[in-house]
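# no sequence for this one, just the structure:
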């Protein structure tokens, strides 16, 4: 069956079984491979996208649930003129990614957090950023979120 | 005991025999080499000694207006320098660092340098790696006697193109990139001297130009490249000294990062071709088991499913996309045998290891010096003993295995990411029953690896090769996370018994008996100055495949040694930091690193109640890392890491910005494994299935920042991808012991620290 929704501001129609997870509709049907497959059980967050503005683990949401809704993926964060989102820019400045595979999901989670609370505290970052990064980029993720919201990066420990 | 599992990987056309644990001073590097992996890729001996390989490589990377040098780089007429890296990228950032090393010696303008993956071709076999690893295999003396020409031949015959062993910078960078840059620069200067009719001594180079200051004339590298490429290159060019470096040692941003923040980076799992199908697989739950039977009908009834393919030990479902393939696989009820391994379990393995260690049989390998028995028997010594256990660990690379294959007109094309493009080709060719020349591998970037992507242990290569030959269309085979977790090549489950004698606050004798598949002797150095030491390895093989896991044997050996050092300090009534100091040579790099981490972490200053500080130091891959962790215990008994410090001596830091990330990431991965990770077996099968029961440390539980400091000792360049990891687990266990008084000897820590 065909299910219609919008992705990154454009209307799309996906011909697939209703139980197809949004992740696979995005990757296999729409060719948007910036959203990653990590676990398939909503445990790692690599597949995070926004559905009507809320951060959502797309591997565990059937497309029937997003009919008529608005989906934003990592490819849709840039402005129309190609300017990167301030969070993406902060990610480059803090040199966050290593293998980079989880970073689309990390960035989508961070953008949603910032849109929700403005300037998140460390505790809010702890609560919201539950995506797995095997490379261990967490300190730089924190630094980038703080920098993107005009907050001082975490002070270095020890002596200068 | 169960048969060695590796011999069970019998696809129709392949039989990869297991590398049996080697004995007596034969190291892991040889294990890699013995399984056809030695380093390959093209550089050093190859170009300077073999015109065939050089010519072929240069044909592959050169082209219209692009002039190739030594199978490593090209200069285009617009001045663009392109470096072809024999190393793949799985997040470690060595492409940028290799570029820095080449460009610095070349005096190329950094913005005009691009870095690409070298083709998976024998002409790029990496002789620099062969040269680098050689001393670890045969010793410095013998290594020094082997001519570079022979090393180049070795690299190609093995063939060698791996990424691993923290080798990119210390071997490829130091041996190949810097020398190539310097030699090409010299050729450009010689060409300019002829063109301008001036002596070379009056010429200077900078920003991709050769300048004659006296006459105010200059020539761009792009203008000189064609002529320079016809000149012979010095194999022993003058390298810059440290004070002349402009790029080496600078925090240069990584080139790959922009594509990793906007979703445009294409990983193996993202690759697509027109008309491509997607497949997924379920292998026998018990490693070593076989597929007995499967009724294909339930899968074929799922819409989108096209085909079911049976392998000797697995079943594959091919469909229009990953989701229908997954549904098709879930609909099947395949019957597998257990390969006779039904008695294999985690407790059974520990029991068998303990029995082996205590049976007073002959160890499989020994190391150390002095008379330990005499030290233990000496009058007035205090004897201390402890036993430790560490579990199998899963690599948990975030990108599950995915390889695309297309068999067309007699040639098999493969796309994806593995740690050695050359042996990937060879393995696929064998599985598909093709000549190597009829397999083309297109290397892609990887979502992590951590040791899991060494081709000789990667079954998906055989699986895709066999599958692609059976279908007329391109097909991408994707492993589910469950397949990843349950069919890993794990860090070995290992256990050890340590015993030491103390006299007057110093260790007089040290014995470590450890049981696991391979020996760590020769790989993990023992850094303490103790009069009598003995390390005995007892070989034990379960039905699992023990693979290299980030930092390899240094993880468990570091945990054993550094936990026991703290126990000995306690027995001697001394501070763990001061106790270590007494056993490290005065003026040594180890002592300098230890002192620096103590200073930066404020060792000895008061801590709040319930908070403990732990210290550990481990050398691996020619790099010394000392770490301090501050931790407390949560209400449920699990550790809470508060702060972490790392002091690193890798000789020279090529890119401090990236090196810091590698060390901090390694430390966090070490904490993650120590806190909660374990792969357990029941009836021969892996119990864990996904991140739900194989927990990876998350941001909230990682230290908010890791203070990483580098000591620029100028010593032989060491690796950075792996050495940050090993000290983390003992530093944390030591911190918990300091906080609670409770010594935890078995990993993972889980809630063992509960009061």
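Looks like it came in fine. Keep in mind the model is a prediction, meaning the values are calculated, not measured.

# tell me where the model's unsure across the chain.
Going with chain A. Judged by pLDDT under 70, chain A has its weakly predicted residues at A:153-160.

# the chain in question should be chain B.
Chain B contains residues with pLDDT under 70 at B:1-52, B:54, B:126-162.

# excluding sequence neighbours, find me the nearest residue to the most centrally placed residue in it.
The centre of chain B sits closest to residue B:164, judged by CA atoms, centre = their mean, with a distance of 3.9 Å. Of all residues not flanking residue B:164 in the chain, residue B:419 sits nearest, at 5.4 Å (CB to CB, 6 or more residues apart in numbering or on different chains). Placement of C-beta: from N, CA and C, glycine included.

# is that neighbour in a helix, a strand, or coil?
coil (DSSP: H, G, I helix; E, B strand; the rest coil).

# surely it touches residue B:88?
Yes. Residue B:419 is within contact range of residue B:88, at 6.4 Å (criterion: CB atoms under 8 Å).

# shared neighbours of those two, which are they?
Here residue B:419 and residue B:88 share the contacting residues residue B:163, scored by CB atoms under 8 Å, 6 or more residues apart in numbering or on different chains.

# do you know how far the residue nearest the centre of chain A is from residue A:147?
Of all residues in chain A, the one closest to the mean position by CA atoms, centre = their mean is residue A:108, 2.0 Å from it. Counting by CB to CB, to the nearest Å, the separation of residue A:108 from residue A:147 is 18 Å.

# with residue B:225 instead?
Using CB to CB, one gets 41 Å for the distance from residue B:225 to residue A:147.

# who has more neighbours out of those two?
Ranked by neighbour count (other CB atoms under 10 Å in any protein chain shown), residue B:225 and residue A:147 place residue B:225 first, with 25 against 19.

# so who does that one touch?
Taking CB under 8 Å, 6+ apart as the criterion, residue B:225 is in contact with B:67, B:75, B:76, B:77, B:188.

# for those, which one is nearest chain A?
Ranked by distance to chain A (CB to the nearest CB), those are led by residue B:76 at 26.5 Å.

# so where do the strands sit in the stretch 251-400 of chain B?
In the stretch 251-400 of chain B, the segments counted as strands under DSSP state E, counting those that start in this stretch are B:277-283, B:291-293, B:305-311, B:314-319, B:335-336, B:365-369, B:382-390.

# of all these, which lies closest to chain A?
strand B:277-283 (6.8 Å).

# elements contacting the closest one?
If you count contacts as 3 or more CB pairs under 8 Å, 6 or more residues apart in numbering or on different chains; DSSP states H and E, strand B:277-283 packs onto strand B:305-311, strand B:314-319, helix B:322-331, helix B:459-468, strand B:475-478, helix B:481-486.

# and the residue of chain A nearest chain B?
Closest point on chain A to chain B, by CB to the nearest CB, is residue A:34, at 2.0 Å.

# what about that residue, how many residues nearby?
Other residues lying near residue A:34 total 26 when counted by other CB under 10 Å.

# count of residues packed around residue B:586?
7.

# where does it sit: helix, strand or coil?
coil.

# okay, now residue 85: neighbour count?
With no chain named, the answer covers chain A. Here the number of neighbours of residue A:85 (other CB under 10 Å) works out to 20.

# wait, chain B was what I had in mind.
27.

# what does residue A:121 give?
Count around residue A:121 with other CB under 10 Å applied: 11.

# returning to what we had before: out of the helices and strands packed on strand B:277-283, which is closest to residue A:26?
helix B:322-331 (11.3 Å; CB to CB).

# quick one: the closest one to strand B:314-319, angle?
140 degrees (axes from the mean of the first three to the mean of the last three CA atoms, to 10 degrees).

# so which elements touch helix B:322-331?
strand B:277-283, helix B:297-300, strand B:305-311, strand B:314-319.

# now distance to residue B:543 and mean neighbour count too, for these, in JSON lines please.
What follows is the helices and strands packed on helix B:322-331, written out as JSON lines (distance: least, CB to CB, whole Å; neighbours: other CB atoms under 10 Å in any protein chain shown):
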{"stretch": "strand B:277-283", "distance to residue B:543": "13", "mean neighbour count": "24"}
{"stretch": "helix B:297-300", "distance to residue B:543": "28", "mean neighbour count": "16"}
{"stretch": "strand B:305-311", "distance to residue B:543": "18", "mean neighbour count": "19"}
{"stretch": "strand B:314-319", "distance to residue B:543": "16", "mean neighbour count": "25"}
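
# adding distance to residue A:15, write the ones you listed out as JSON lines.
Conversion of the helices and strands packed on helix B:322-331 to JSON lines gives the following (distance: least, CB to CB, whole Å):
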{"stretch": "strand B:277-283", "distance to residue A:15": "16"}
{"stretch": "helix B:297-300", "distance to residue A:15": "20"}
{"stretch": "strand B:305-311", "distance to residue A:15": "16"}
{"stretch": "strand B:314-319", "distance to residue A:15": "15"}
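
# tally of neighbours for the closest residue to chain A within the stretch 401-550 of chain B?
Nearest residue of the stretch 401-550 of chain B to chain A: residue B:447, at 2.8 Å (CB to the nearest CB). By other CB under 10 Å, 30 other residues sit near residue B:447.

# where does it land in three-state SS?
Relying on three-state DSSP, one would call residue B:447 coil.

# show me what contacts it?
A:36, A:99-102, B:90-91, B:267, B:269, B:397-399, B:417.

# any idea how far residue B:211 is from residue B:224?
As judged by CB to CB, residue B:224 and residue B:211 stand 12 Å apart.

# and stretch A:20-34, how far from the chain's centre?
14 Å (CA atoms, centre = their mean, to the nearest Å).

# could you work out the end-to-end span of it for me?
By CA to CA, to the nearest Å, the extent of stretch A:20-34 from end to end equals 18 Å.

# just give me the longest helix of the chain.
You didn't pick a chain, so chain A it is. Counting by DSSP state H, the longest helix found in chain A is helix A:103-117.

# the chain in question should be chain B.
helix B:656-676.

# name the residues of that helix that are buried.
B:657-676 (16 or more other CB atoms under 10 Å in any protein chain shown).

# partners of the next helix or strand after that helix in the sheet?
Past helix B:656-676, further along toward the C-terminus, the next helix or strand under DSSP states H and E is strand B:681-682. Strand B:681-682 pairs in its sheet with strand B:685-686 (antiparallel), by DSSP bridges.
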